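J.: predicted coordinates and the sequence they were generated for:
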Amino acid sequence: MALSEIDRTLLQRCLARKPRAWEDFVDRFLGLVVHVIRHSSQCRSIRLGQADVDDLAAEAFLALISDDFAVLRRFRGDSSLATYLTVVTRRVVVRELLKHKKTASLHELSENSIPATAVSSPEERISNREEVERLLRHLHGQEADVVRLYHLEGKTYREISDRIGMPENSIGPTLSRARQRIREVGSNGS
């Protein structure tokens with residue numbers, strides 16, 4: 001998608017430092033920046049509080065205005081401004097998340113940055129033991145082990161990983177695939 005005329009005008013106003021241009025820019029793209037922050041952290045299984053999201057949004061916007069809007073001045077207009085800002089924001093967020101991950105101790109990370117995939121809502125855990133056991137008949141190997149340990153024994157991702165030797169970041173996708181297979185089995189009436 002090409003650069004829209006509205007965004008072109010807004011960008012020109014910002015670069016020319018017109019009154020209220022920056023406020024209009026932030027109003028227009030704040031939702032996008034917040035979405036990219038949440039998506040980027042979720043993809044890395046990092047739970048952020050609202051203060052963290054606000055800090056990362058500030059970092060992203062600071063990156064845009066630093067060095068006299070250098071990042072915005074480099075925008076060539078080959079894509080939409082939203083696409084360009086998505087890439088810039090994602091890079092800033094990933095850099096900041098990695099920076100904080102390196103400086104935080106393992107203990108701090110485990111307490112403050114609970115992996116998003118490890119936090120389960122009640123509907124994610126199947127509470128009916130008979131139903132889980134019936135559905136386990138359709139699963140095999142590690143997939144069945146993961147479902148059994150998670151749903152029947154209430155183990156955490158880390159405990160499952162330690163027990164069966166599967167990487168911790170593979171537990172969530174395995175559960176998702178198993179849930180999908182369970183839904184397919186349920187809809188086929190098997």
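T.: Perfect, thanks for sending it.
J.: low-confidence ranges, the protein, go.
T.: Along the chain, the model assigns pLDDT under 70 to residues 1, 101-132, 182-190.
J.: tell me how it divides into domains.
T.: 5-112, 117-188 (automatic domain parsing).
J.: spatially central residue for this protein, please.
T.: The centroid of the chain falls nearest to residue 42 when counting by CA atoms, centre = their mean (2.0 Å).
J.: roughly how far apart are that residue and residue 36?
T.: 11 Å (CB to CB, to the nearest Å). (Each C-beta comes from the backbone N, C-alpha and C, glycine too.)
J.: which parts of this structure are strands?
T.: With DSSP state E as the definition, the chain shows no strands.
J.: which stretches in it count as helices?
T.: 5-15, 21-43, 50-73, 81-103, 106-112, 129-136, 141-147, 157-164, 168-188 (DSSP state H).
J.: now do the first one: which elements does it pack against?
T.: Here helix 5-15 is seen to pack against helix 21-43, helix 50-73, helix 81-103 when contacts are counted using 3 or more CB pairs under 8 Å, 6 or more residues apart in numbering; DSSP states H and E.
J.: tell me what angle that helix forms with helix 81-103.
T.: 60 degrees (axes from the mean of the first three to the mean of the last three CA atoms, to 10 degrees).
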